[in-house]
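Enquirer: I need the structure of the sequence given here:
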Amino acid sequence: MAQARDAGLRVEYGGSAMKAATKVGGPAELVGVVIAFAVLALTLGSLVAAGLPLITALVGVAIGVLGIKFVSRFVEMTGTSTVLAVMIGLAVGIDYALFIIARHREQLADPDTDVEDSIARAVATAGSAVVFAGATVIIALAALSATGIPFLAVMGLSAAATVLVAVLIAVTLVPAVLALAGERLRPRDARSRTRRPRPGRRERTPGAWGLAWARAVTRRPLIVLLAGVVALLALALPARNLRLGLPSYASEPTASTQHKSYDLLTEGFGPGFNATLTAVADTSRVPAAERVAAVTDLRTALAEDTGVAAVSQPVPNADHTVFVMAVVPKTGPDARATTDLVHRLRDNAPAVAKAGGTLYIAGVTAAAIDVAGELSGALPGFIGIIVVLALILLTLAFRSLLVPLKAALGFLLSIAASLGATVWVFQYGHLDGPLSIPSAGPVTSFLPVLLIGVLFGLAMDYEVFLVSRMREHHENTRNPAEAVVHGVARSGRVVSAAALIMAAVFGGFVFNEDPVIKSIGFALAFGVLIDAFVVRMTLVPAAMALLGRRAWSLPHWLDRALPDVDIEGAGLPDPRTPERNERRHEVAAH
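Expert: Modelled structure (predicted):
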């Protein structure tokens, strides 16, 4: 249309064929990676150690994405599938490597610890937790297949495959890289045994802020628990008005030709022109002499609806067995009135069926409404599957009934708060300037299901790494109060860093031009921060302090029936035994 534009006409492009390709790897996403590196450097205290998780995560993402691209030659996929795989694979890849490397450096703080022995123990403890946590993410993402929506099933399986690669990288490539790094990963204090502290300088105790935080939370656990729950419920209030749909071209960037074409059509023909529906009447079983009259009556009935602006003349096929009519609503594709109109138009189906025909209300807008309705119906069952899965997995991991119940309730609070914030921003239209949201509209129809699946896996990650250190200490001391404080002190820094890294990676996608990717990135980033810092780091220690010894109780019959899953490495031999020390000295002398 260059000649038309040169002649002075304003030409813009719309329609489903002009759907913009989903892009990834822009400056915003790179900023997220840079922030992740900064958090790693501060957490691990070493630039070398900070670079390792990024390298191994990028290797895992590259393998996962190449695999998805190969499979896409045989299976139809949306561009969102690849972006979601990159988003989740990069986040969990960095976090899983961080958990193992942090445990390794924690053990190397002891100057007598052998590097190879420390690597093995890090994989046996943190690595076991990585495998367990990764399995929950994979199962949760694969469970998206239960929604019955093919494109969503493909998205879930693609992301699950990338997470599987990240887990395999964490327990194979990461230990190999740690062995190559050798003594360079040992903390400086441990390398300088004879180093004297500077005069007037206080030596920092590892986990000091975590220890202080844990003591503050457990000092008044009931007040902390109630305040946290009330705050999360307040954040969740907007979710009561949740509306699901697929973004129209009104959600595209205002400078795009798709958004401009949407505005031109709205200005010239009314907002409903962008939501044009297609009424298809199958009249193959209607007597030939009665077909035209039946379709004419149908057109009259459709036009009489108060929400319809216009109905086109019926267009038949060659043998007059199928008739097509364009139905233009008075409201746009994102309006609730348009959804109600689709359901009312379908109420004409029985009258057409009585004459021997079949009526279909189709089109892009109707398809988006149907997908949203299907996912809304599947949401309660999907939440039920996830909650039951959480109870089973955590009961196996911690041999407790109250710990899994507490974790599941906290997860539901995180989901509710995340959905509330997403509705407040994208449906209500707040923060549209800073986040570059062109138009408020319904929340992407598959976002709640996707958010539940992904956030469940990540929430279980933090639960496993935090509570496993509590249980490890409780098994050794049988002091529940001390175990809670110890668990937060030892794991709080790593869990906080992991959450900040995930939020940085997900947050980078908030500034992606694709409205679907933008909303997914925001919901995941906000959900991770809420779950890690409010639920896991605040409500979990408070609840564990209130439960006391009851938190670790399990009925005897169930205790005997459950297999022993040792994710804390309690069954590992003590590295301080005389035999091991003697062997270490012999190796050193040799």
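Enquirer: pLDDT value on the residue nearest to residue 536 when sequence neighbours are not counted, please?
Expert: Nearest non-adjacent residue to residue 536, counting by CB to CB, 6 or more residues apart in numbering: residue 462, 4.4 Å away. In short, each C-beta sits where N, CA and C put it, glycine included. Note on residue 462: pLDDT of 84.
Enquirer: now do residue 123
Expert: So residue 123 comes in at 91 (pLDDT).
Enquirer: quick one: low-confidence parts of the stretch 101-250 of the chain?
Expert: For the stretch 101-250 of the chain, the stretches with pLDDT under 70 are 189-207.
Enquirer: if you go through it in chain order, where are the strands?
Expert: 244-245 (DSSP state E, counting those that start in this stretch).
Enquirer: ok, which stretches of it are helices?
Expert: Assigned by DSSP state H, counting those that start in this stretch, the helices in the stretch 101-250 of the chain fall at 115-122, 128-142, 150-181, 188-191, 208-219, 221-236.
Enquirer: that older thread, any idea how far the residue nearest to residue 536 is from residue 47?
Expert: Taking CB to CB, to the nearest Å as the measure, residue 462 and residue 47 are separated by 26 Å.
Enquirer: Please identify which of those two sits among more neighbours.
Expert: residue 462 (28 against 10; other CB atoms under 10 Å).
Enquirer: hang on, the more buried one packs against residue 529?
Expert: No: look at residue 462 against residue 529 with CB atoms under 8 Å: they stay out of range, at 11.3 Å.
Enquirer: Now the common contact residues for the two.
Expert: Residues touching both residue 462 and residue 529 by CB atoms under 8 Å, 6 or more residues apart in numbering: residue 499.
Enquirer: Buried residues, the helix or strand containing the residue nearest to residue 536. List them.
Expert: Assigning secondary structure by DSSP states H and E places residue 462 in helix 447-477. Neighbour-count burial for helix 447-477 flags 447-474 (criterion: 16 or more other CB atoms under 10 Å).
Enquirer: go on, stretch 47-61?
Expert: 49-50, 52-54, 56-61.
Enquirer: re earlier: could you figure out how far the helix holding residue 462 is turned away from helix 208-219?
Expert: 90 degrees (axes from the mean of the first three to the mean of the last three CA atoms, to 10 degrees).
Enquirer: now helix 447-477 and helix 150-181, what's the angle there?
Expert: Using the same axes, to 10 degrees: helix 447-477 against helix 150-181 is 40 degrees.
Enquirer: Which other helices and strands does helix 447-477 contact?
Expert: If contacts are counted by 3 or more CB pairs under 8 Å, 6 or more residues apart in numbering; DSSP states H and E, helix 447-477 sits against helix 79-108, helix 128-142, helix 150-181, helix 364-398, helix 402-422, helix 480-508, helix 515-529, helix 540-547.
Enquirer: how about TSV for those helices, with mean neighbour count and distance to residue 556 added?
Expert: Formatted as TSV, the helices and strands packed on helix 447-477 follow (neighbours: other CB atoms under 10 Å; distance: least, CB to CB, whole Å):
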stretch	mean neighbour count	distance to residue 556
helix 79-108	26	33
helix 128-142	23	24
helix 150-181	21	34
helix 364-398	18	15
helix 402-422	23	16
helix 480-508	24	19
helix 515-529	25	38
helix 540-547	24	19
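Enquirer: Just put those helices in TSV and tack on distance to residue 273.
Expert: What follows is the helices and strands packed on helix 447-477, written out as TSV (distance: least, CB to CB, whole Å):
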stretch	distance to residue 273
helix 79-108	27
helix 128-142	38
helix 150-181	27
helix 364-398	11
helix 402-422	29
helix 480-508	36
helix 515-529	20
helix 540-547	52
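Enquirer: out of these, which comes closest to residue 564?
Expert: Checking the helices and strands packed on helix 447-477 against residue 564 by CB to CB gives helix 364-398 as the closest, at 9.2 Å.
Enquirer: any weak-confidence spans in the stretch 451-590 of the chain?
Expert: 566-590.
Enquirer: at 80 what do you get?
Expert: Residue ranges of the stretch 451-590 of the chain with pLDDT under 80: 457-458, 460-461, 465, 472-476, 478, 512-514, 554, 559, 562-590.
Enquirer: picking that back up, which of the buried residues of stretch 47-61 sits closest to residue 3?
Expert: residue 61 (44.5 Å).
Enquirer: Quick one: mean pLDDT for whichever strand or helix holds that closest one?
Expert: Assigned by DSSP H and E, residue 61 belongs to helix 47-71. Averaging pLDDT along helix 47-71 yields 90.
Enquirer: got a list of contacts for it?
Expert: Counting by CB under 8 Å, 6+ apart, 33, 36-37, 40-41, 43-44, 77, 81-82, 85-86, 89-90, 93-95, 97-98, 101, 105, 158, 161-162, 165-166, 168-170, 173-174, 177-178, 181, 184-185 sit against helix 47-71.
Enquirer: Then stretch 300-318?
Expert: Here stretch 300-318 has contacts from 270, 272, 279, 281, 295-296, 299, 322-331, 337-338, 340-341, 344-345, 348, 351, using CB under 8 Å, 6+ apart.
Enquirer: To what extent is the residue nearest to residue 320 when sequence neighbours are not counted buried, counted in neighbours?
Expert: In space, and not counting its chain neighbours, residue 320 is closest to residue 291: 5.7 Å by CB to CB, 6+ apart. Neighbour count of residue 291, defined by other CB under 10 Å: 21.
Enquirer: Helix, strand, or coil at residue 291?
Expert: Classification of residue 291 by DSSP: H, G, I helix; E, B strand; the rest coil places it in helix.
Enquirer: ok, now which ones touch it?
Expert: Counting by CB under 8 Å, 6+ apart, residue 291 has contacts 283, 320-321, 323.
Enquirer: and those residues, which are buried?
Expert: Buried among the contacts of residue 291 by 16+ other CB under 10 Å: 283, 321, 323.
Enquirer: Great, nothing more from me.
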